[in-house]
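*Asks:* sharing a sequence plus its predicted fold:
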Amino acid sequence: MNSAWSYVRGFERVSLCDWPGYNTSVIFMGGCNMHCPTCHNFTMAWSPDQIAPVSKDSIMRFLENRVKWIDGVVVTGGEATLVPELETVLRDLRNLNMRIKLDTNGMRPLVVESLLNAGLVDLFAVDVKGPWELYPNLSGGTHQPEEARKNLTEIFRLAQASPESFMFRLTQVPILTPQHIETARQYLPQGFTLKLQDYVPPRRSHAETDSETRRMSGDMVAGPHSTGYSESAQSQRH
């Protein structure tokens, strides 16, 4: 079995927008259990074998040398909860006394619960795509309404018990109306807010449009502060 580190397909050395209030590094895991038509990290999510892995040594060496300036690490994807033995990566980061945020679509609540109970993640950022009935469209046909409802209901249960460890967000993709967004907001446990993220379309053939203006959190970036990703920055911006 491959090491969990072998699933890393990107590393952003410094990010100021992926975890508000923190200077972070971002680790991108290849592979995803959704096929969202509005995805920006599409090659990394759906065809990770087309991207060279980023070595554990290069990431750990960078973090070790900058532990005084990096407040934490964001682990994202793709969908990081798909990675076998993901906890080995998180434990290595913990050994550097790094705070850890993990981005997830919430479709693997048992993995989230295990990581939470092990104390390996400080904050789970959970994407609520929209109303249950739209999940087949929003996920690219990978998840049906009842499956989405069941999985996220389990996530909400965990959040109620550990409210400091969860945040919820929704990207305002074109299919969603204000009423859809309000419906999704009502799913959240009492006391939680739904962070709305503006939608800016990706540049690629299967996207609905090809204009884009800026970066949103959790997208890979190619440039002087990143390593291990082969697509251009233009193809990755929300």
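*Replies:* Perfect, I can see it now. Residues are numbered from 1 along each chain as shown.
*Asks:* so what's residue 73 bridging to?
*Replies:* With DSSP bridges as the criterion, residue 73 is bridged to residue 25, residue 100.
*Asks:* who's in contact with it?
*Replies:* Residues near residue 73 by Cβ atoms under 8 Å, 6 or more residues apart in numbering: 24, 25, 26, 27, 63, 93, 98, 99, 100, 101. (Each C-beta comes from the backbone N, C-alpha and C, glycine too.)
*Asks:* switch to 6 Å and redo it
*Replies:* 25, 93, 98, 100 (Cβ atoms under 6 Å, 6 or more residues apart in numbering).
*Asks:* what about the last one, how many residues nearby?
*Replies:* Going back to what we said before, that points to residue 100. 22 (other Cβ atoms under 10 Å).
*Asks:* from residue 16, how far out is it?
*Replies:* Going from residue 100 to residue 16 by Cβ to Cβ, to the nearest Å gives 17 Å.
*Asks:* contacts for the longest helix out of those in the chain?
*Replies:* Longest helix in the chain, counting residues (DSSP state H): helix 145-161. Residues from elsewhere that reach helix 145-161, judged by Cβ under 6 Å, 6+ apart: 106, 107, 109, 113, 126, 132, 133, 135, 166, 189.
*Asks:* next, the buried residues of the host helix or strand of the fourth one.
*Replies:* Following DSSP states H and E, one finds residue 113 within helix 109-117. Judged by neighbour count (16 or more other Cβ atoms under 10 Å), helix 109-117 contains these buried residues: 109, 111, 112, 113, 115, 116.
*Asks:* how about stretch 154-164?
*Replies:* For stretch 154-164, a neighbour-count test (16+ other Cβ under 10 Å) marks 154, 155, 156, 158, 159 as buried.
*Asks:* make JSON lines out of the contacts of helix 145-161 and add distance to residue 11.
*Replies:* Formatted as JSON lines, the contacts of helix 145-161 follow (distance: Cβ to Cβ, whole Å):
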{"residue": "106", "distance to residue 11": "24"}
{"residue": "107", "distance to residue 11": "25"}
{"residue": "109", "distance to residue 11": "27"}
{"residue": "113", "distance to residue 11": "27"}
{"residue": "126", "distance to residue 11": "23"}
{"residue": "132", "distance to residue 11": "35"}
{"residue": "133", "distance to residue 11": "37"}
{"residue": "135", "distance to residue 11": "31"}
{"residue": "166", "distance to residue 11": "25"}
{"residue": "189", "distance to residue 11": "33"}
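*Asks:* tell me which two of these sit farthest apart.
*Replies:* Pairwise distances across the contacts of helix 145-161 (Cβ to Cβ) peak at 26.0 Å, for the pair 113 and 133.
*Asks:* and residue 6, how close does it get to residue 80?
*Replies:* Distance of residue 6 to residue 80, given as Cβ to Cβ: 14 Å.
*Asks:* for the two, indicate the residue with more neighbours.
*Replies:* Between residue 6 and residue 80, counted using other Cβ under 10 Å, the more crowded position is residue 80 (29 against 15).
*Asks:* tell me the spacing between that one and residue 149.
*Replies:* Taking Cβ to Cβ, one finds residue 80 at 22 Å from residue 149.
*Asks:* now do the buried residues in stretch 161-179.
*Replies:* 165, 166, 167, 168, 169, 170, 171, 173, 176.
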